[in-house]
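[1] the following comprises the amino acid sequence and a computationally predicted model.
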Amino acid sequence: MAALRVFPFLSVFLLLVHQSFAKNDAPCQLSNWNNAFNTFMKRHIRSGTPTTLDQNQWMNYIRNNGGCSRPTQSFLHPNDLDKVKAVCTPKGGAVYKDNLCISWQPFTFITVRSEQGTCGIKSIREETKHLILGCDKLSNQCLPVHFEGNPDNIKPGNNAKGCQDPSTGDAPSFKLTWLCLLSVLLIIILCQN
């Protein structure tokens, strides 16, 4: 009988821990990581990025900006900031999966592949693809928080729903919430016995 009482407590604990570290399962849900958009900006839309594909310029830029630990980095043009943010809206993007949205229009950006830890450049490519971005709600605004690679150049489907706030009812809600509530009810029932 003791095992039956411990199991629900352990289940709730594991669910709550998982929920606090899990990414959202739909775009534009509240995020626990308030600095996510700033991190996205620092990694992908920086001022001062080289305007050429010169390997030496990129190696110096990555070395001077602390990017040697990331083997693949993509850089969007700072002038595209408003269009990039719009990917997290119905006008600029479509729901792809989980909290990811895919842009309706392709973007041109630079992808730099380097040797991790050494800043040695393997390749620099200018690419034109549809962006796949993680979109979370921060300060009452849905903003990009993650740049997902698109190696197969996936495009949004013709019938794809626009990237939007899940409160409109067109995006799934966070599934773990109901599971947590059910576990709490089960604990209450077992504790009363």
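    Thanks, I have it. Numbers count the residues shown, from 1 in each chain.
[2] where does this protein have low pLDDT?
    Residues of the chain meeting the criterion pLDDT under 70: 1-23, 165-193.
[3] what ranges does it have for its helices?
    2-21, 36-44, 55-64, 81-86, 175-192 (DSSP state H).
[4] how close does the residue nearest the centre of the chain sit to residue 62?
    Centrality entry for the chain: nearest residue to the mean C-alpha point is residue 134, 2.7 Å, by C-alpha atoms, centre = their mean. To residue 62, residue 134 is 22 Å away according to C-beta to C-beta, to the nearest Å. The way it works is simple: take the backbone N, C-alpha and C, and place the C-beta from them, glycine included.
[5] and what of residue 42?
    Counting by C-beta to C-beta - residue 42 and residue 62 are separated by 13 Å.
[6] next one: residue 154
    According to C-beta to C-beta, residue 154 and residue 62 sit 27 Å apart.
[7] the two: who's more crowded?
    Neighbours per residue (other C-beta atoms under 10 Å) separate residue 154 from residue 62, with residue 62 holding more: 22 against 12.
[8] check contacts around the residue lying closest to that one once chain neighbours are set aside.
    The spatial neighbour of residue 62 that comes closest, neighbours along the chain excluded (C-beta to C-beta, 6 or more residues apart in numbering), is residue 119 at 5.5 Å. Each residue near residue 119 by C-beta atoms under 8 Å, 6 or more residues apart in numbering is listed here: 59, 62-63, 67-68.
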